[in-house]
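1. Sequence first, predicted model second:
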Amino acid sequence: MIQLQDLRYSIGERVLFDDVNWVIGPGDRCALVGPNGAGKTTLIRLILGEYTPESGQCVRPRGTRIGYLPQEAAERYEGSVLGRAMEAHRALLDLRVELDALHEELGSIKPDDPHLEALLERAGTLQNQLEHHDEHALEPEARRVLSGLGFSAADQDRPLAEFSGGWRMRAALAALLLAEPTVLFMDEPTNHLDLPAMEWLEDYLEDFQGGLVVVSHDRVFLDRVANEVRELDRGKLTDYSMRFSLYLEEKELRREQAAASNAQIDAKIAQLKRFVERFGAKNTKAAQAQSKRKQIERLKEQHVVIPRSARSLRLAFPDPPHAGRTLIRLRDLSFGYADGPDIVSHARIEIEKGEKLAIVGANGAGKTTLLRLIAGQLEPRSGEREQPPLTRMGYFAQHAAETLDGQLTVLGAMEDVASDEWRPRLRGLLGAFLFSGDDVFKRCRVLSGGERQRVALARLLLSPSNLLLMDEPTHHLDLAGKEVLEDALAQYPGAVVVVTHDRSLMARVATRVIEVNAGRVVLYPGGYDDYEAARLARVVSEPAAAKPVSNPRGGAVAPEPKYAARATATMAPPRRTPDRAAQNAGRRRERELARLEAEIATRETRMR
């Protein structure tokens, strides 16, 4: 196990954390949470030994194999995707290279060579070591893990350098999982995963036997992979022995209990002070008054300091302009790039005012393409798009934060798109997005990812619309910011179409779900929970090879439904049986049922 004892670390005059004690044992499954900038990543790097604490110590026993997935992996690798995953077994790969070289040397050596016996003995030793570690099973297992993370069989043999940073991160994650560490640290592992890959990772971690510490802003993921929470806030690490969904309630309950305890202490101190003021000057009561003074000091030491709540994002979309019942209608619409196959085939969608739609599907299935078709940014190959004259759209692109002009200040970025009516109120609007004082004069190029995302969202409010089209709006937002955005979208009276992998957002906001899979666009009535139930039932009934395929290059995998089976067959993991998908789906249902039963039991206990 790993032990942190009285750990302290500062950056300049700012104390990131002090007096931190933590024991991470085998089988522990912990969510490390806290506001952005609290020092979560720094704490992990201290545990890894990359940073040195000012005081205290981190004890890592011999034999502990620590695995770490950083938030952003900018590494370059010259080999294939499979080769990157196989780096987890570098020592065994080196043994194979040595054995192959020995076999080549033995092929040309003479029988009377004095070195022959030693070479044969070394070759036998190497062969035994490779057999002991099941060398023959290493590649099939690596391919299985890569398939689970979304790489098709063909893509596994492509050079890793051809893939985007998000897909290189998946390859690094595969290598990390294959290394089988005794303690695994993961910093935002779901940032670059689509829903199928996230669910596969949840199933994989369910069977992981080592210690697990996860930093993530995905609330559903935290609830499913962790059973305890450590909160790092204002330099202190607080323990919550419960799942993340219960931690939020427990945190507020502890705050209320501390406030009530402080109120009782304050009332007792006031009572003692009245006695001292009344009888402190009398000789006959002097001893009692002195005793009361000491009692007051002891009570003051029992007073709990309740930190002020952090400033939170304030977001409310303006009332939508008047519109008719139908805002956008797609009639039998198809689209593809250049001479390639259809990414969207024969889509029929009608968006009515006030409804909320979530677009789901594997990475590369065509979700963003469909959103851009709805927005009228792409010209379809066939079919029609109808937009009534009263429809007013607001579009939030997936990389809207990255497209901000780095030379502009925060205020300048707002003025760049603001009408004359808005200009006097821009400072107030930015204050609601946590930019106050001189913050509004910061250049956009020096802002963090979360700050740039807030600027992009603020710009969206400057143009009233009755149809919001949003592509991954929660990216870079912390947990509190995501909740505020959820509330704003749920209360917004206009229509919303959102592409997102955030299951909490979909469950809270969506009234219908659109699934994009192998060129087909399928509408599911009801919210995300209804869609998820239908999808799990479909996964159980269909063979594993019929699962949707993602495409790292950003295009659709299958152009037409008739090609879907052939395209997806390459995704079948080498060692997975057809029952594996059904087993995973059943296990997810059992896990969710157990979580709900535990939550009900905890709440019933509190009510007694």
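-> Yep, that arrived.
2. what stretches of the stretch 301-450 of the chain score poorly on pLDDT?
-> 307-313 (pLDDT under 70).
3. what's the answer for the chain, then?
-> 72-75, 307-313, 542-608.
4. Which helix runs longest in it?
-> Counting residues, the longest helix found in the chain (DSSP state H) is helix 244-279.
5. and that one, which residues are buried?
-> Applying a neighbour-count criterion of 16 or more other Cβ atoms under 10 Å, one finds 244-248, 251, 265, 269, 272, 275-276 buried in helix 244-279. No exception for glycine: its C-beta is placed from N, CA and C like everyone else's.
6. cool, stretch 186-201 as well?
-> Result for stretch 186-201 [16+ other Cβ under 10 Å]: buried residues 186-201.
7. Can you give me the end-to-end span of it?
-> 12 Å (Cα to Cα, to the nearest Å).
8. how far is stretch 456-472 from where the chain is centred?
-> Stretch 456-472 has its C-alpha centroid displaced from the chain centroid by 23 Å (Cα atoms, centre = their mean, to the nearest Å).
9. And for stretch 176-192?
-> 13 Å.
10. repeat for stretch 95-112
-> With Cα atoms, centre = their mean, you get 49 Å for stretch 95-112.
11. likewise stretch 428-436?
-> The answer for stretch 428-436 is 26 Å, by Cα atoms, centre = their mean.
12. what does stretch 125-134 give?
-> With Cα atoms, centre = their mean, you get 39 Å for stretch 125-134.
13. contacts for it?
-> 89, 92, 95-96, 98-99, 102 (Cβ atoms under 8 Å, 6 or more residues apart in numbering).
14. quick one: secondary structure of the residue lying closest to Ala432 once chain neighbours are set aside?
-> Distances taken as Cβ to Cβ, 6 or more residues apart in numbering put Arg314 closest to Ala432, at 4.0 Å, once the chain neighbours are dropped. Following DSSP: H, G, I helix; E, B strand; the rest coil, we place Arg314 in the coil state.
15. And Arg314, how far from Ala480?
-> Counting by Cβ to Cβ, to the nearest Å, the gap from Arg314 to Ala480 is 11 Å.
16. In terms of neighbours, single out the busier of those two.
-> More neighbours surround Ala480 than the other of Arg314 and Ala480, with 16 against 12 (other Cβ atoms under 10 Å).
17. next one: phi and psi at the more buried one?
-> phi -70, psi -40 (degrees, to the nearest 10).
18. wait, doesn't it sit right on Asn36?
-> No: at 9.2 Å, Ala480 does not count as touching Asn36 under the criterion of Cβ atoms under 8 Å.
19. Pull the contacting residues for Ala142.
-> Counted by Cβ under 8 Å, 6+ apart, Ala142 has contacts 82, 85-86, 88, 174, 178.
20. contacting residues for the closest residue to it other than its chain neighbours?
-> Among residues not flanking Ala142 along the chain, Ala85 sits closest, at 4.4 Å (Cβ to Cβ, 6+ apart). By Cβ under 8 Å, 6+ apart, the contact set of Ala85 is 142, 145-146, 171, 174-175, 178.
21. Now do the helices in the stretch 151-300 of the chain.
-> Along the stretch 151-300 of the chain, the stretches classed as helices by DSSP state H, counting those that start in this stretch are 165-178, 195-206, 219-225, 244-279, 286-302.
22. Check the spacing between the residue lying closest to His192 once chain neighbours are set aside and Lys442 real quick.
-> Spatial nearest neighbour of His192, chain neighbours left out: Gly166 (3.3 Å); criterion: Cβ to Cβ, 6+ apart. The gap separating Gly166 from Lys442 is 27 Å, by Cβ to Cβ.
23. Also Pro473?
-> With Cβ to Cβ as the criterion, Pro473 and Lys442 are 22 Å apart.
24. Comparing these two, which residue is more hemmed in?
-> Pro473 (26 against 15).
25. what sits against the more buried one?
-> Contacts of Pro473 (Cβ under 8 Å, 6+ apart): 396, 453, 457, 485, 498, 500.
26. and the gap between the closest residue to Pro464 other than its chain neighbours and Ala456?
-> Nearest residue to Pro464, sequence neighbours excluded (Cβ to Cβ, 6+ apart): Pro318, at 4.7 Å. Distance from Pro318 to Ala456, counting by Cβ to Cβ: 17 Å.
27. Which one of those two is surrounded by more residues?
-> Ala456 (21 against 13).
28. pretty sure the more buried one is touching His399, no?
-> No: Ala456 is not in contact with His399 according to Cβ under 8 Å; the separation is 9.3 Å.
29. which residues do the two both contact?
-> Counting by Cβ under 8 Å, 6+ apart, nothing touches both Ala456 and His399.
30. tell me, what residue is most central in this protein?
-> Thr190 (3.8 Å; Cα atoms, centre = their mean).
31. Count the neighbours of the residue nearest to that one when sequence neighbours are not counted for me.
-> Once flanking residues are discounted, Thr190 sits nearest to Asp218: 4.7 Å by Cβ to Cβ, 6+ apart. A total of 24 residues lie near Asp218 under the criterion other Cβ under 10 Å.
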